[in-house]
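Participant: below are the sequence and a predicted model; questions follow.
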Amino acid sequence: MTHEVSLTPRDALIIYNHMVVDSRHRNRTDEVFHALADATRRSIVEKTFQRDYSVSELARLYPMSFAAVQKHVAVLERAELVTKRRHGREQYVRSNLAAIRRAEKFLQRYEELWRDRFDAMNEILGEE
């Protein structure tokens, strides 16, 4: 017995949005790599390692609106790659080294896995 499920185009759109666009179910690692996938956000992280920048200062460095830079900073903040502190009317952004180190540890696990595989392959090839 087969069960057919009939989806309307609206149902398919909802499922698509839930699977692909919905960010409520992302984990911390997903948030970090999503944030770092954008060149502007990577640049903001790099700049704010050197010193704290106000959001206004950052906005002057990029060819986009203040609101767009604010959104980039919000994505970075959600991923815990930067922190913000208020000083008067300004909000200052600083990179969070701990979050970068978590991402680095995640990538190191894959590097170790591949190194082990290459070592095993070299052993096999060396036996012949």
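Facilitator: Yes, it's here. Residues are numbered from 1 along each chain as shown.
Participant: which one's the longest helix in this structure?
Facilitator: Criterion DSSP state H: the longest helix present in the chain is helix 97-127.
Participant: buried stuff in it?
Facilitator: Buried residues in helix 97-127, counted by 16 or more other CB atoms under 10 Å: 99-100, 103. The C-beta positions use only the backbone N, C-alpha and C, and glycine is treated the same way.
Participant: turn those residues into TSV, including distance to Phe66 and pLDDT.
Facilitator: Putting the buried residues of helix 97-127 into TSV (distance: CB to CB, whole Å; pLDDT from 0 to 100) gives the following:
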residue	distance to Phe66	pLDDT
Ala99	24	90
Ile100	26	89
Ala103	28	88
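Participant: ok, Asn27 to Glu111 distance?
Facilitator: 21 Å (CB to CB, to the nearest Å).
Participant: oh sorry, the question was meant for Gly88
Facilitator: 44 Å.
Participant: same check, this time on Ser65
Facilitator: 39 Å.
Participant: columns distance to Arg78 on top of the buried residues of helix 97-127, output as JSON lines?
Facilitator: Supplementary listing: the buried residues of helix 97-127 in JSON lines, determined by distance: CB to CB, whole Å:
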{"residue": "Ala99", "distance to Arg78": "11"}
{"residue": "Ile100", "distance to Arg78": "15"}
{"residue": "Ala103", "distance to Arg78": "14"}
